[in-house]
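[1] how would this look folded up:
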Amino acid sequence: MLLSTALGIAAAVAVLWVGGEDRREPIRVEENRVVVTNVGETDWSGVEIWLNDWYRAQAPRVVAGQRLDVPFTAFLAAYDRRYDPAQQPPFGVEVTARGDDGSAVKLSWGQGRRR
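    Take a look at the predicted model:
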């Protein structure tokens, strides 16, 4: 079940090249999605994006200079509950990953993730 959920999330998450306009904030929360941009010089692997402490989306890899567009519908909590911004507006995002050089990557927006 966990594998099928991860595959479903990966299918819903689109990795796009940053082009044209230079909007390179590492994390942006837009009307219906979270945008994470790898502004570093190393690729990331094992990327996890946490929204409002409970909702998570994953991506296997984000290449340096690329961005990850994650629709709100891709964020899941326990028991496959999908994030609904009408019930709870976004107040915090935390991104964790591992850089190709072995470094830990941790970015936050808003309140981040409380543990």
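[2] need phi/psi at the most centrally placed residue in the chain.
    The centroid of the chain falls nearest to residue 49 when counting by C-alpha atoms, centre = their mean (3.5 Å). Phi and psi for residue 49, reported as degrees, to the nearest 10, are phi -120, psi 120.
[3] show me the contacts for the nearest residue to residue 40 once chain neighbours are set aside.
    Distance criterion C-beta to C-beta, 6 or more residues apart in numbering; nearest residue to residue 40, sequence neighbours excluded, is residue 64 at 5.8 Å. C-betas here are computed from N, CA, C, even on glycine. If you count contacts by C-beta atoms under 8 Å, 6 or more residues apart in numbering, residue 64 has them with 38, 40, 41, 42, 43.
[4] surely residue 64 forms part of a helix?
    No: counting by DSSP: H, G, I helix; E, B strand; the rest coil, one finds residue 64 to be coil, located in no helix.
[5] tally of neighbours for the spatially closest residue to residue 92 that is not a sequence neighbour?
    Among residues not flanking residue 92 along the chain, residue 111 sits closest, at 3.5 Å (C-beta to C-beta, 6+ apart). Using other C-beta atoms under 10 Å, residue 111 has 13 other residues around it.
[6] make residue 1 into 251 and carry on from there
    With the count now opening at 251, the last piece we talked about shows up as residue 361.
[7] relative to residue 293, how far out is residue 361?
    According to C-beta to C-beta, to the nearest Å, residue 361 stands 28 Å off from residue 293.
[8] that'll do, ta.
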